[in-house]
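*Asks:* missing the sequence, but the structure's below:
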């Protein structure tokens, strides 16, 4: 009798993912305990400890380059760098959620467990090199986010955001699944490398209608997750209605994961068909830049403004993927890191002002804080200038890097689109800056001093309260990133170069 054997599992290579999933389970179980100090203090601390362990293990495995679980996942510097970005975004989200309403209404254990599981799904996604593991990671990151969007259960707009994201996300998932199934039908393979070999064979399926249809559907499914126009319609409503810490996580970590798998999918499985898909992806990038920047101009909600901004930013980053070169991947990795800290700084200020003023995410809540709250005004200013690509910030260097990659890849016209889009974006980014420094605070808005936060009951209406020192710390700390890496970009360049080096054998 022959005993069945399973695939060899390298526990060391899988350790960051195990830390995230194991931490999620521990957080969920500890959250069942009744003492308030356990739920409100110990549970988030355990979530942070799990994320710190996962980050440490990712750094420990930094030089790894191996396939695990029968080749379904690949642990290399690209996957580890993007996993580290996701972990940092999740840790910041925990800090922003510490005194928020959403964890209390959704139950602290469940809230932080879903956050960790979603981060684990993102880790699977950036490591996927198989159509099956790609879809598993896609769903593992998505399902917890549907629930997190609706975690403020007493606020109708949060429930609406969760429902919209669920419906649109399900359509995107179904579209992606159909596309992957058609690619498998055309090539007879699920591994990315095997698909590339099929495309490289004589009379390969690059002109096969079945393959091209699958490719188009796969692009559409992934475009929903990255908020690429015209598949971005869910983004402003979901971002505005979801709890702000969840919005911050969605705006940053989800993009990291989705762009990570797009890099691996297009530059491994479909690299031999690059002349066929690159023009279509370049057209999508152009449409996305135009739609995102134009849509943001008339917004009066900071969260909706940042949602439209994230659409435009997705277009910029697609340019690095279009060219299908190692230089393009370096540019995407660098800009993703800069984008993460700039957006987190902005969302931290939104959280702080929503708590202090009771005005939610309206731009009016930011008026006059240049004089009254400089520790919040400066981070928001740096974030806006960095996202606009003003010299002296990491955003400028990242956009320059993307433009350089586009030019090197014979897409100079796409570089020009990035420049024009960045110029247009000044209209709405500077509107936020002007509100903080050039307008007086509304007389009806109270200015609260710092100190301990005394949360109102769960069924009480939202009102002014202190922001919390951890939110200000996040705002200041994240705002330092664009300045430091704008002046001394070397360390971030090294990370981006290491991440792209994992794909060097393909170019």
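*Replies:* Yes, it's here. Note that the structure is predicted; figures quoted are calculated from it, not measured. Residues are numbered from 1 along each chain as shown.
*Asks:* So which residues of the stretch 101-250 of the chain form helices?
*Replies:* 101-106, 108-127, 131-149, 156-187, 192-200, 209-226, 234-241, 244-264 (DSSP state H, counting those that start in this stretch).
*Asks:* and those as TSV, adding mean pLDDT and distance to residue 394?
*Replies:* Where C-beta positions appear, they are placed from N, C-alpha and C, glycine not excepted. Formatted as TSV, these follow (pLDDT from 0 to 100; distance: least, Cβ to Cβ, whole Å):
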stretch	mean pLDDT	distance to residue 394
helix 101-106	86	30
helix 108-127	93	21
helix 131-149	92	26
helix 156-187	89	29
helix 192-200	83	31
helix 209-226	88	21
helix 234-241	87	23
helix 244-264	92	14
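*Asks:* Looking at those helices, spot the one closest to residue 376.
*Replies:* With Cβ to Cβ as the measure, helix 244-264 is the member of those nearest residue 376 (14.0 Å).
*Asks:* The closest one packs against which elements?
*Replies:* helix 77-97, helix 108-127, helix 131-149, helix 209-226, helix 234-241, helix 302-322, helix 326-357 (3 or more Cβ pairs under 8 Å, 6 or more residues apart in numbering; DSSP states H and E).
*Asks:* and the helices of the stretch 101-250 of the chain as a markdown table, adding mean neighbour count?
*Replies:* Listed next are the helices of the stretch 101-250 of the chain as a markdown table, based on neighbours: other Cβ atoms under 10 Å:
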| stretch | mean neighbour count |
| --- | --- |
| helix 101-106 | 21 |
| helix 108-127 | 27 |
| helix 131-149 | 22 |
| helix 156-187 | 19 |
| helix 192-200 | 19 |
| helix 209-226 | 21 |
| helix 234-241 | 24 |
| helix 244-264 | 26 |
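*Asks:* ok, residues contacting stretch 163-180?
*Replies:* Stretch 163-180 has contacts (Cβ atoms under 8 Å, 6 or more residues apart in numbering) with 131, 134-135, 138-139, 142, 145-146, 149-150, 213-225, 231, 233-234, 237-238, 241-242.
*Asks:* Pretty sure residue 255 is one of the things residue 82 touches, is it not?
*Replies:* No: counting by Cβ atoms under 8 Å, residue 82 stays clear of residue 255, with 10.3 Å between them.
*Asks:* what's the overlap in contacts for these two?
*Replies:* Common neighbours of residue 82 and residue 255 (Cβ under 8 Å, 6+ apart) are residue 336.
*Asks:* Now tabulate the helices and strands packed on helix 244-264 in a markdown table and tack on distance to residue 413.
*Replies:* Below are those laid out as a markdown table (distance: least, Cβ to Cβ, whole Å):
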| stretch | distance to residue 413 |
| --- | --- |
| helix 77-97 | 28 |
| helix 108-127 | 30 |
| helix 131-149 | 31 |
| helix 209-226 | 21 |
| helix 234-241 | 26 |
| helix 302-322 | 11 |
| helix 326-357 | 15 |
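*Asks:* which one of the ones you listed lies closest to residue 275?
*Replies:* helix 302-322 (11.4 Å).
*Asks:* Could I get the buried residue list for that closest one?
*Replies:* Residues 302-322 are the ones in helix 302-322 that count as buried (16 or more other Cβ atoms under 10 Å).
*Asks:* What distance do you get for the residue lying closest to residue 260 once chain neighbours are set aside to residue 484?
*Replies:* Nearest residue to residue 260, sequence neighbours excluded (Cβ to Cβ, 6 or more residues apart in numbering): residue 126, at 3.5 Å. Between residue 126 and residue 484 the distance is 25 Å, computed by Cβ to Cβ, to the nearest Å.
*Asks:* so how far is stretch 298-314 from its chain's centroid?
*Replies:* Centroid displacement of stretch 298-314 relative to its chain, using Cα atoms, centre = their mean, to the nearest Å, is 14 Å.
*Asks:* swap in stretch 85-98?
*Replies:* Per Cα atoms, centre = their mean, the centroid offset for stretch 85-98 relative to its chain is 11 Å.
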